[in-house]
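S.K.: The amino acid sequence is not available; the structure is as follows:
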């Protein structure tokens, strides 16, 4: 994994708990509390979603939560901005295609 471990302004990266997340069915190591997008980039993943009309790839653009280029499906919820969403152990993340769709459970039908 490629991470900045020591930054000239921010200093050394704090020791954080290592966790595991699933991205498109593949398990990745992450650090608890780091943003999903940072974990993806550290693992060489640059595409978060594909546009609805032209199916063009999109990834991190603004990195401050203002745009929607980094949205992905996180734990079944579409359109989650990965640049401002922290990692949790066991998260399931999927590349979003178009507008995304909600997973429905039997409880949703009641």
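M.R.: Noted; the coordinates are in hand. As the structure is a computational prediction, the values presented were derived from the model and not from experiment.
S.K.: what ranges do the strands span in this protein?
M.R.: 6-7, 11-12, 18-23, 26-31, 49-50, 57-58, 71-74, 77-81, 92-94, 96-97 (DSSP state E).
S.K.: where in this protein is pLDDT low?
M.R.: Applying pLDDT under 70 to the chain flags the ranges 1, 10, 103-110.
S.K.: go again using 90 as the cut-off
M.R.: 1-16, 32-33, 99-110 (pLDDT under 90).
S.K.: Test of understanding: give the bridge partners of residue 31.
M.R.: Beta bridges link residue 31 to residue 18, judged by DSSP bridges.
S.K.: In this structure it contacts residue 16, no?
M.R.: Yes. Using Cβ atoms under 8 Å, residue 31 is in contact with residue 16, at 4.1 Å. Quick note: C-beta positions are derived from backbone N, CA and C, even for glycine.
S.K.: Skipping adjacent residues, who's closest to residue 84 in space?
M.R.: Once flanking residues are discounted, residue 84 sits nearest to residue 65: 3.8 Å by Cβ to Cβ, 6 or more residues apart in numbering.
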